[in-house]
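A.B. asks: Could you work out the structure for the sequence below:
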Amino acid sequence: MLYQAFDVQSDIARQTRQWGRLLQEASAPWMRTPWHDAAKWWSAGARMMMRAGLTFARPAYGIHAVMVGNREVPVIEEPVLATPFGTLLRFRKDIDTVQPKVLVLAPLSGHFATLLRSTVRTLLPDHDVYITDWHNARDVPLSEGRFGFDDYVDHVVRFLETIGEGAHLMAVCQPAVQALAATAVMAHTKNPAQPRSMTLMAGPVDCRVSPTSVNQLAISKPIEWFEKNLIETVTGRHKGAGRRVYPGFTQVSAFVSMNAKRHRDAHTDLFWHYIDGSADKAQAIETFYDEYFAVLDLTAEFYLETVKIVFQDYTLARNQLTYRGELIDMGVIRRTALMTVEGERDDICAVGQTMAAHDLCSSLPPHMKTHHLQTGVGHYGVFSGRKWEAQTYPLVRNFIASHA
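C.D. replies: Residues are numbered from 1 along each chain as shown. You can find the predicted model right below:
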């Protein structure tokens, strides 16, 4: 019923955006008259209406060129391998220099992989970058089967095999767990494509360490409660009709509620920027929320298994994680160097939760392990923003280069 209700809300939001466009067009002629002050209010209100609702299609990465050395190099998005649930996407550059290959693992947490746009843009001048470009589960036909925790691990292994030997992993947030699992699986089978290094950024390796409100919520209810109250069935108007999902709109609503005042103030600021003509400031807010309000659904099995494995049973943290029914010992990882990165003010993945990977990877010698705590940043500041670019990234770049 909730999914049907949201479809109705989406229809209303679409009509609101249409009315907003009409009002915006109608206000334009009045901007050049003595009534232009009133017209600015009219226009600002119309522009806010044009932003009503969420979107469900992946935004563009919009990375058309980067500076490599002293010249600008075009960037071409190249799908390398596609499955029903995700695409291995390469940001190809036409250069002669051989650069370290980096596979960026994007989280499946209600947003598209484009949320990591700035992370990719920062990596590109020095690396041959690939990303897990996940598809919206509501658009995947039921006939394509399930996608659970182990299937994510399968995709990581398959994508690394496709990229070839010598690649590096970078897992942002949630998939730090799958990165460890995939690396251990590949080490156990002596897969030649096992990564040379993995960089885990703000990932929930051990949620028993300094639990955040997100962690507390996960253990406040049994898994049956999450299945009963948060899982919905995709309605008939979508390609994935009949598939059980954790809706992206539910996840984004939860994120917004955690910082409701900040989001409310941002939209108030946006309105006033429209009024006073602060185009650059308005554009910055619009760009952020265009991405933030672009949502995708997760398959029910992936969401529930992740909650159970990572946030309730702490299976990885106890080194009791299984893959396809077989126990995976993180101690088998011997060839893949490890770097962990955390944010001092992270209220989603607290300090210490990602660093726990060092204890799990007990067979790695000290010179193959490093940790960085970035001061003055929250969760998103670990992998985006000025401090990521100026302080964290140079360390990550040097780490990858030292194990290339």
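A.B. asks: Look up phi and psi at V140.
C.D. replies: V140 adopts backbone torsions of phi -100, psi 120, taken as degrees, to the nearest 10.
A.B. asks: Kindly provide the distance from it to A350.
C.D. replies: Between V140 and A350 the distance is 33 Å, computed by Cβ to Cβ, to the nearest Å. No exception for glycine: its C-beta is placed from N, CA and C like everyone else's.
A.B. asks: just V104 next, same as before
C.D. replies: Using Cβ to Cβ, V104 is found at 23 Å from A350.
A.B. asks: Compare those two (neighbour count), which wins?
C.D. replies: Neighbours per residue (other Cβ atoms under 10 Å) separate V104 from A350, with V104 holding more: 26 against 22.
A.B. asks: mind checking the SS state of the more buried one?
C.D. replies: strand (DSSP: H, G, I helix; E, B strand; the rest coil).
A.B. asks: do the same with the one 10 residues further on
C.D. replies: Per three-state DSSP, the secondary structure class of T114 is helix.
A.B. asks: I'd like the next helix or strand past the longest strand seen in the chain.
C.D. replies: The strand that spans the most residues within the chain, counting by DSSP state E, is strand 71-82. Downstream of strand 71-82, the next assigned helix or strand under DSSP states H and E is strand 86-93.
A.B. asks: Would you mark the buried spots in that next one?
C.D. replies: Residues of strand 86-93 classed as buried under the neighbour-count rule (16 or more other Cβ atoms under 10 Å) are 86-91, 93.
A.B. asks: Pick the one among the residues you listed closest to Y130.
C.D. replies: In terms of Cβ to Cβ, no member of the buried residues of strand 86-93 lies closer to Y130 than R90, at 4.9 Å.
A.B. asks: what's near enough to touch the closest one?
C.D. replies: When contacts are counted by Cβ atoms under 8 Å, 6 or more residues apart in numbering, R90 is found next to 77-80, 128-130.
A.B. asks: which non-adjacent residue is nearest it?
C.D. replies: The shortest distance from R90 to any non-neighbouring residue, by Cβ to Cβ, 6 or more residues apart in numbering, is to E78 (4.5 Å).
A.B. asks: What about the one you found, how many residues nearby?
C.D. replies: For E78, the neighbour count with other Cβ under 10 Å is 11.
A.B. asks: cool, I95 as well?
C.D. replies: One way to gauge burial is a neighbour count; for I95, by other Cβ under 10 Å, it gives 13.
A.B. asks: K239 now?
C.D. replies: When neighbours are counted by other Cβ under 10 Å, K239 registers 13.
A.B. asks: Name the SS class of it, please.
C.D. replies: For K239, the assignment made with three-state DSSP gives coil.
A.B. asks: which residues touch it?
C.D. replies: For K239, counting by Cβ under 8 Å, 6+ apart, the contacting residues are 138-141.
A.B. asks: For it, give its distance to P79.
C.D. replies: Counting by Cβ to Cβ, the separation of K239 from P79 is 19 Å.
A.B. asks: repeat for N215
C.D. replies: The spacing between N215 and P79, counted by Cβ to Cβ, is 36 Å.
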